[in-house]
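Enquirer: Fold the stuff below for me.
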Amino acid sequence: MNIEYTKKLHAGSDFPAIKARLLPAIKAKLLNGDIKTLSTPENGLDWKMVVVYRGQHCPLCTRYLNQLEGAKDLLAQTGVDLIAVSGDSKEQLESHMERLGVSFPIAYGLTVEQMEELGLYISEPRSPEETDHPFAEPGLFVVNSEGKVHVADISNNPFVRPELQSLISGLGWIRNPANNYPIRGMHK
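Expert: Predicted coordinates:
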């Protein structure tokens with residue numbers, strides 16, 4: 001068995017600036033051509049949730065993204081903005097959007113190098129019918145107002161993802177100043 005070192009994004013570290021494929025100064029690109037910085041909150045909110053999903057080929061990702069749509073207002077009430085991203089091509093995301101009922105931003109074109117920078121598990125497609133490129137397994141990062149990773153969840157398969165109601169409830173508790181809750185998991 002060949003075990004290799006995996007670089008993981010540590011809690012409390014700066015969320016890296018992710019540059020989109022072929023666009024050296026750009027962070028992530030949406031279908032409408034808008035350019036988004038994955039970790040920068042918008043819509044008057046001060047935290048950002050970045051959800052990395054496997055791609056259009058994954059029915060569990062489609063279901064999770066649709067569940068996120070139902071949770072985005074609760075996230076916003078907690079002060080957390082939302083974006084999703086995958087390694088899919090523009091054409092694959094266009095096709096996927098036909099099956100999605102979401103209104104939050106979804107970016108495309110995450111490269112293998114960017115997946116590695118985020119410390120994600122990366123899989124090869126099982127067949128050309130699945131997809132045509134290596135893809136990230138699920139990851140979820142909540143970036144605080146200082147650009148630090150406050151919450152990180154990565155998985156090596158599509159069956160393990162944070163349950164959204166518990167996550168949102170926990171984020172509300174973390175964000176309550178009375179709780180003075182620090183970033184966890186920073187012991188070196």
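Enquirer: Please count neighbours and contacts with C-alpha atoms only from this point.
Expert: OK.
Enquirer: Next, the buried residues of the lengthiest helix in the chain.
Expert: Within the chain, and with DSSP state H defining each element, the longest helix by residue count is helix 59-77. Buried positions in helix 59-77, judged by neighbour count with 16 or more other C-alpha atoms under 10 Å: 60, 61, 62, 64, 65, 66, 68, 69, 72, 74, 75, 76.
Enquirer: and if you look at stretch 163-172?
Expert: 164, 168, 171, 172.
Enquirer: Among these, name the ones in strands.
Expert: Nothing among the buried residues of stretch 163-172 maps onto strands, per DSSP state E.
Enquirer: In TSV: those, plus distance to residue 54 and pLDDT.
Expert: Compiled in TSV, those are given as follows (distance: C-alpha to C-alpha, whole Å; pLDDT from 0 to 100):
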residue	distance to residue 54	pLDDT
164	18	96
168	22	97
171	24	97
172	27	97
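Enquirer: picking up where we left off before, which strands and helices sit next to the helix or strand just after the longest helix of the chain?
Expert: Using DSSP states H and E, the helix or strand that follows helix 59-77 in sequence is strand 80-85. In terms of contacts (3 or more C-alpha pairs under 8 Å, 6 or more residues apart in numbering; DSSP states H and E), strand 80-85 is packed against strand 47-52, helix 59-77, strand 106-108.
Enquirer: From the buried residues of helix 59-77, pick the one nearest residue 150.
Expert: residue 75 (14.9 Å; C-alpha to C-alpha).
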